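Undergrad: My questions concern the predicted model and sequence given below.
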Amino acid sequence: MLRKMGGNTHRLQFDPHWLLLLLLSLLVCAPLTYPGYFQAHSGLLPVFNLYNLEAQRGGLSWAPVVGREFDLLRGEGPLPYFLAEATSWLGAGGVTAVKLIFGLGLVLGAAGMYGWTRRVLDDRGALLAALVYACWPYVLATIYVRGALAEALFFGLLPWTLWALQRLLDGHRPSAALVVIGVALLAWTQPGLSLWAALALLAYGLVLRSRRWALIVAGVLGGLLLGAVGLWPLAAAHGLGRTPIAFSEHFVYPFQLLSAAWGHGVSIPGWQDDFPMQIGLIAVGLAAVAVFLLVDGSTLNRGTDTQGQVSDLPLQAPLQAAMWTSLAIALVVTFLTLTWAAPLWRLPGLAQASRTLTYPWQLLTLVGPFLGLLGGSVVTLGLGQMDWRESLPLWAAVIALTLLASYSYLQPLTTRYEPEAAPLAVLGENELLLLDAQVEGPLQPGRAVQLYVRWQPLRPLTKDYTVFVHALDETEQRWGQQDTQPQSGEYPTSQWQVGEIIEDRYQLRIEADGPSGDYHLNLGLYDWQTGDRMRVGDDNKVVVRNRP
């Protein structure tokens, strides 16, 4: 928040743009303050994995595997959960701790973007670049639609790694150590995606300052090596893992990048995907204007000379290089996500590289910083030619437009439910959570019993499952049952939305001639057409008893 003054003095001056950026970025975090939790594709898994970490007192071999298969490269790294656990030590509950990490990703990313682009642009251009990044639709979809905790933190760390790399490019050789740390933190957050980030960092660094190529390569590869060392206990304890994903079915259609539709559904094969993959009209529009200004004035730039007169000044070469490199990286990475690039991914090298990602569109994560730099450069190239008093209203208008453009994306689906422990069961192939089950009424012969439950789907359920509730005695003999469609047939499972919490109530009567003693309920789901039950771990039912 402080910067050195020019000349021979070393006096520090407060930079008010930091405070303004903090206030503006907090607006994007506003949905995190809603009561309860938001209805995201990950459901309550981030909270449950945090509880699992706390219960197991997990060390370096701990992995977030509650409700998901372990996959070292495609899965989430442990860093965001260790950070969330640190906030819980300060008194934050599980839901609050997870929300704080989501908010940290947004604020940290905005601050990192300002720090990085401030070394290339002017103050106001850097602030716009940071705000474009914080309000970027893909970032907001990752947090408020997908609920991807690790990728949210990845968004926050990536600009700071670029900041460290830019310091190295500017001649600060010790910053190579910061590059190592930044890349390692990315690897501990999202291992597979960090490999692609390393390629982008290498491309950016080597193009801008090839004479320092040795330090650049050493910093990036050193970070990957340090990240691998930190992930080694995970690999030793769980292996590499492998999640079967139809990677080739989830390429992005070009129109989806600029579509006005904003949905909350999961990604499905084909062009009718309900998951938003926008890269933002504001971000793309500002970047297009910046490229136009760059091409139109690539040799001269209007500015104020030492006598205060407006004249033609050479456009700074570092800014030119940073913009052209950012444009190239953004275009190449975006192209790799499109259906047009599908044949390339069948080539041997890229076919192996696809195993580091769950979906091709996850690469859009790497586009954000470079698109933000291009957007912010509009101020430096355009408004920078004007007197600051004349340009201030225009700059404020662009800032306001960027905020307003993101407003409709800040409306996540929410729920008031806050879990206090692990889910009772995970059903199917990590398809459905049984969050809670409460017996109302005595489990005794001749008495009516109600079972109140909460479900949460983690994947779309393609079948209309039937719920069964059986009352059994100590010998496992059945003395009562109810088989029903959810909510008395009003809400079949094929219509359940991923991440939503479905509350239901089932009623049955235990036969009057049943033996005395303890009874329990067996709860589960089955396909009414085949009779096949949904698996519950190594079983096909959940045992529910009266709580003491």
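TA: Yep, it's here. The structure presented is a predicted model; accordingly, all values stated were derived computationally and were not measured.

Undergrad: Find the nearest non-adjacent residue to residue 36, please.
TA: Leaving aside its chain neighbours, residue 36 sits nearest to residue 416 (4.0 Å; criterion: CB to CB, 6 or more residues apart in numbering). Just so you know, the C-beta spots here come from the backbone N, C-alpha and C atoms, and that holds for glycine as well.

Undergrad: That neighbour against residue 38, yeah?
TA: No. Look at residue 416 against residue 38 with CB atoms under 8 Å: they stay out of range, at 11.0 Å.

Undergrad: More neighbours: which of these two?
TA: A count of neighbours by other CB atoms under 10 Å puts residue 38 above the other of residue 416 and residue 38, at 21 against 9.

Undergrad: Pop out the phi and psi values for that one.
TA: Backbone torsions for residue 38, taken as degrees, to the nearest 10, come to phi -100, psi 150.

Undergrad: what about the nearest residue to it once chain neighbours are set aside, which helix or strand?
TA: Excluding its sequence neighbours, the residue lying closest to residue 38 (CB to CB, 6+ apart) is residue 412, at 4.1 Å. For residue 412, there is no helix or strand it lies in under DSSP states H and E.

Undergrad: Residue numbering should commence at 7 henceforth.
TA: Shifting the count to begin at 7 puts that one at residue 418.

Undergrad: and residue 418, what does it touch?
TA: Listed by CB atoms under 8 Å, 6 or more residues apart in numbering, the contact partners of residue 418 are 37, 40, 44, 45, 46, 150, 151, 270.

Undergrad: how near is it to residue 106?
TA: For residue 418, the distance to residue 106 equals 16 Å [CB to CB, to the nearest Å].

Undergrad: shaky segments in the stretch 357-506 of the chain?
TA: 390-395 (pLDDT under 70).

Undergrad: And the helices in it?
TA: Taking DSSP state H, counting those that start in this stretch as the test, the helices found in the stretch 357-506 of the chain are 373-387, 394-411.

Undergrad: Check which helices and strands the last one sits against.
TA: Applying 3 or more CB pairs under 8 Å, 6 or more residues apart in numbering; DSSP states H and E, one finds that helix 394-411 contacts helix 22-34, helix 129-140, helix 287-302, helix 373-387.

Undergrad: and stretch 116-135, average pLDDT?
TA: Throughout stretch 116-135, pLDDT has a mean value of 94.

Undergrad: What of stretch 200-210?
TA: 97.

Undergrad: contact partners of it?
TA: By CB under 8 Å, 6+ apart, stretch 200-210 touches 79, 160, 164, 167-168, 171, 185, 189, 192-193, 222-223, 226-227, 229-230, 233, 331-332, 334-335, 339, 359, 362-363, 369, 372, 376.

Undergrad: Quick check: helices, which of these are part of them?
TA: Under the assignment DSSP state H, these contribute 160, 164, 167-168, 171, 185, 189, 192-193, 222-223, 226-227, 229-230, 233, 331-332, 334-335, 339, 359, 376 to helices.

Undergrad: returning to what we had before: any chance of JSON lines for the helices of the stretch 357-506 of the chain, columns distance to residue 481?
TA: As requested, the helices of the stretch 357-506 of the chain are exported to JSON lines (distance: least, CB to CB, whole Å):
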{"stretch": "helix 373-387", "distance to residue 481": "61"}
{"stretch": "helix 394-411", "distance to residue 481": "65"}
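
Undergrad: Throw those helices into TSV and include mean neighbour count and distance to residue 536, thanks.
TA: TSV is the format used below for the helices of the stretch 357-506 of the chain (neighbours: other CB atoms under 10 Å; distance: least, CB to CB, whole Å):
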stretch	mean neighbour count	distance to residue 536
helix 373-387	28	45
helix 394-411	14	49
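
Undergrad: still on that earlier bit, quick check: the gap between the residue nearest to residue 44 and residue 497.
TA: Distance from residue 418 to residue 497, by CB to CB: 21 Å.

Undergrad: closest one to residue 437 among the helices and strands packed on helix 394-411?
TA: helix 373-387 (31.2 Å; CB to CB).

Undergrad: Taking helix 287-302 as reference, get the angle to the closest one.
TA: Counting by axes from the mean of the first three to the mean of the last three CA atoms, to 10 degrees, helix 373-387 lies at 50 degrees to helix 287-302.

Undergrad: Against which helices or strands is helix 373-387 packed?
TA: In this structure, helix 373-387 packs against helix 100-123, helix 129-140, helix 143-147, helix 155-175, helix 287-302, helix 323-343, helix 394-411, with contacts taken as 3+ CB pairs under 8 Å, 6+ apart.

Undergrad: As PDB, could you dump the C-alpha coordinates of that helix?
TA: Output of helix 373-387 as PDB, limited to C-alpha atoms (Å, rounded to 0.1, in the frame of the first residue of the first chain):
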ATOM      1  CA  VAL A 373      -6.900 -16.400 -19.400                       C
ATOM      2  CA  GLY A 374      -8.200 -14.100 -16.700                       C
ATOM      3  CA  PRO A 375      -4.900 -12.300 -15.700                       C
ATOM      4  CA  PHE A 376      -3.800 -11.600 -19.200                       C
ATOM      5  CA  LEU A 377      -7.300 -10.500 -20.300                       C
ATOM      6  CA  GLY A 378      -7.300  -8.200 -17.200                       C
ATOM      7  CA  LEU A 379      -4.000  -6.600 -18.200                       C
ATOM      8  CA  LEU A 380      -5.300  -5.900 -21.700                       C
ATOM      9  CA  GLY A 381      -8.400  -4.400 -20.300                       C
ATOM     10  CA  GLY A 382      -6.600  -2.200 -17.800                       C
ATOM     11  CA  SER A 383      -4.200  -0.900 -20.500                       C
ATOM     12  CA  VAL A 384      -7.200   1.000 -22.100                       C
ATOM     13  CA  VAL A 385      -6.700   3.600 -19.400                       C
ATOM     14  CA  THR A 386      -2.900   3.800 -19.900                       C
ATOM     15  CA  LEU A 387      -3.100   4.000 -23.700                       C
END
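
Undergrad: picking that back up, return the most buried member of the helices and strands packed on helix 373-387.
TA: helix 129-140 (a mean of 28; mean count of other CB atoms under 10 Å).

Undergrad: Kindly report the domain assignment for this structure.
TA: Annotated domains of the chain cover 8-36+44-248+257-417, 433-550 [automatic domain parsing].

Undergrad: Tell me which of those domains lies nearest to residue 426.
TA: Comparing the domains of the chain under CB to CB, the one sitting nearest is domain 8-36+44-248+257-417, at 7.7 Å.

Undergrad: contacting residues for residue 383?
TA: Contacts of residue 383 (CB under 8 Å, 6+ apart): 126, 127, 131, 135, 296, 299, 300, 325, 329.

Undergrad: Enumerate every residue touching the closest residue to it other than its chain neighbours.
TA: Nearest residue to residue 383, sequence neighbours excluded (CB to CB, 6+ apart): residue 296, at 4.5 Å. Residues near residue 296 by CB under 8 Å, 6+ apart: 329, 380, 381, 383, 384, 387.
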